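**Student:** With the sequence up front, the predicted model follows.
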Amino acid sequence: MTVKNRVKAYCETIQMTVSAFEKSIGVANGYVNSISKSIGIDKISLILENYPNLNIEWLLTGRGEMLKTKHTPEVLIPENEPSSSNKDNKNEITKQDVSASIIERLLTTIQEQAEEIGRLRERVEQLECIKEAKERPVSGAQSSGLADVG
C-alpha cells in the first residue's frame with residue numbers, strides 16, 4: 001500500500017472525503033492523488049497538526065496501526081526530547097511531542113532503504129548478465145566437452 005492509498009484509507013476510516021481532507025490541510029484538490037512515492041515534510045506537519053490521532057509511522061511506512069493509541073513505542077521518541085507533558089505516563093504522546101526530528105528520521109530511513117534497494121537491483125542485473133554470458137556457448141568451440149588431444 002502506498003502513502004496515497006494510506007491517506008485514502010485514513011479518510012475512509014474517519015468518514016471524510018479526500019477532498020475535505022485536502023481542504024483541511026490547505027492543499028489543492030487532487031493533491032492526494034498526485035502523491036507518488038513520498039510526501040514532503042511540510043505536508044506531513046500539516047497532517048499531524050490537523051490529525052494528531054493518525055500514526056505517522058503507519059502513514060509513511062505502513063507499519064503499526066493506523067490510529068495512535070495512548071502507548072506509542074519509545075523508540076520513536078528521541079532521547080533528548082520529553083516523552084510527554086504527563087510525567088506519570090512516559091509512553092503517552094501528545095500532538096506537541098511529535099516533532100520534525102522524528103519525521104525527518106523516518107524519511108531519512110526510507111530514503112536510505114530506497115537507495116539500497118536501487119543498488120541491489122543494479123547488482124542483480126549485473127549478476128544476471130554475467131550468468132547469461134557464461135551460459136552462452138562460445139562461437140567456434142567444439143560441442144563436446146572433451147579436448148582434442150593427440
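**Tutor:** Looks like it arrived, so ask away. Numbering: from 1, shown residues only.

**Student:** What ranges does this protein have for its helices?
**Tutor:** Using DSSP state H, the helices found in the chain span residues 3-13, 18-24, 31-34, 41-50, 56-61, 100-135.

**Student:** so what's Gly26 up against?
**Tutor:** Leu46 (C-beta atoms under 8 Å, 6 or more residues apart in numbering). Using the backbone N, CA and C atoms, a C-beta is placed for each residue, glycine as well.

**Student:** same thing with Asn53?
**Tutor:** Leu67, Lys68.

**Student:** Does Thr2 touch Ser34 like I think?
**Tutor:** No - with contact defined as C-beta atoms under 8 Å, Thr2 does not count as touching Ser34 (12.0 Å).

**Student:** So which of these two has more stuff around it?
**Tutor:** The neighbour comparison of Thr2 against Ser34 (other C-beta atoms under 10 Å) goes to Thr2, with 12 against 9.

**Student:** Distance check, the more buried one against Lys134.
**Tutor:** 38 Å (C-beta to C-beta, to the nearest Å).

**Student:** Over to Asn55?
**Tutor:** Between Asn55 and Lys134 the computed distance is 49 Å (C-beta to C-beta).
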